[in-house]
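Trainee: below is the sequence, then the predicted model.
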Amino acid sequence: MLKLRHVSKRFHDRTILDDIDLTFHEGVYGLLAPNGAGKTTLMKMIATLLYPTAGSIQWNGEDIIAMDERYRGLLGYLPQDFGYYPNYTPRQFLRYVAALQGIRRGRVDKRIDRMLAMVGLEAAADRKMRSFSGGMIQRVGIAQAIIHDPQLLILDEPTAGLDPKERVRFRNLIHDLAARRTVILSTHIVSDLETIAGSVIMIRDGRVIANGTPADICAALEGHLYEMPASVPLPDGCRPLSEVQYGPFTRQRVYSPTSLPGVVAFPSVTELASATTTVQPNLEDAFLVAYGD
């Protein structure tokens, strides 16, 4: 169990994170926030790359700073931009990482083969990484983060650069890994969190504003999400979120803190041009409502 107790982080006179209390058990936790909200700072503190200004971070009741290398030995970390050697092949690079992690020599080759298969790089295992696409490099990064079978896995924007097929592979991999470990990840691709995260943590102005399942977070918007023709002026108090295309009709999703009059529950195709309808909220709606200002 990983626990953050009243954790704050300040840089000079600026507070990045303020009095954060979080508890992580086994499973997948998603950090959802816009750029500059403190997601990467939080992950770097959990990875001991930064120290809290106040508060403590504990693993099974023991302070992670006091644990030192014992904690780092159970930690897997993929930063937004991880360092690698372009003239290395994935096999060479993973052998180097395995040596740093202290994996016994007799286990290394089988472990590397397994990692390359998990991330779909068997065919490119002996190609130099300088010829790789961004998505392939990201897959090498995922492999190096899990090569030592960590109990705690931290992934900062792990789906950046991955195409849809690679993202599906990644989501399946995370589902498998989370069965016996804690996975904390951040991503701007909201659909990835909806699919794989059992809990979503939203941060704004350095504080946690939501912490729950995607369904619970979306449920808070029930009855406040509508679609209406894009050409219709917004009622007072409504906030536009996004636009959706239905054939020739462009409709906008809007948030309203109060109920709107004249709502059609089940519109016909012809009514799409003029009707206002209620819609089920999703995690992208929750993100836009929380950070739209």
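Mentor: Ah, there it is.
Trainee: switch to C-alpha atoms for all contacts and neighbour counts from now on
Mentor: Will do.
Trainee: if you count neighbours, what's buried in the helix or strand that contains Lys110?
Mentor: Element membership for Lys110 (DSSP states H and E) is helix 105-118. For helix 105-118, a neighbour-count test (16 or more other CA atoms under 10 Å) marks Val108, Arg111, Ile112, Met115, Leu116, Met118 as buried.
Trainee: who touches the fourth one in this structure?
Mentor: Residues in contact with Met115, defined by CA atoms under 8 Å, 6 or more residues apart in numbering, are Ala143, Ile146, Ile147.
Trainee: returning to what we had before: quick one: mean pLDDT for the helix holding Lys110?
Mentor: In this model, helix 105-118 has a mean pLDDT of 91.
Trainee: how far does it sit from the chain's center?
Mentor: Remark: helix 105-118 is offset 26 Å from the chain centroid, using CA atoms, centre = their mean, to the nearest Å.
Trainee: was I right about Lys39 contacting Ala33?
Mentor: Yes. The pair Lys39 / Ala33 is scored as a contact, 7.0 Å apart, by CA atoms under 8 Å.
Trainee: report the residue ranges of every domain in this structure.
Mentor: Annotated domains of the chain cover 2-218, 221-291 [automatic domain parsing].
Trainee: next one: the longest one to chain centre, how far?
Mentor: The chain centroid and the centroid of domain 2-218 are separated by 9 Å, computed with CA atoms, centre = their mean.
Trainee: neighbouring contacts of the strand or helix carrying Leu173?
Mentor: Leu173 belongs to helix 164-177 when assigned by DSSP H and E. Helix 164-177 is contacted from outside by Val28, Met118, Val119, Gly135, Thr159, Val183, Asp192, Thr195, Ile196, using CA under 8 Å, 6+ apart.
Trainee: check which residues of it are buried.
Mentor: Buried, per 16+ other CA under 10 Å, within helix 164-177: Glu166, Arg167, Phe170, Arg171, Ile174, His175, Leu177.
Trainee: so who does Glu227 touch?
Mentor: By CA under 8 Å, 6+ apart, the neighbours of Glu227 are Arg251, Gln252, Arg253, Val254, Thr276, Thr277, Thr278, Val279.
Trainee: from memory the first one sits against Leu234, does it?
Mentor: Spelled out, that is Arg251. No. Using CA under 8 Å, Arg251 is not in contact with Leu234; the gap is 11.8 Å.
Trainee: more neighbours: which of those two?
Mentor: Remark: of Arg251 and Leu234, Arg251 carries more neighbours, 23 against 15, as counted by other CA atoms under 10 Å.
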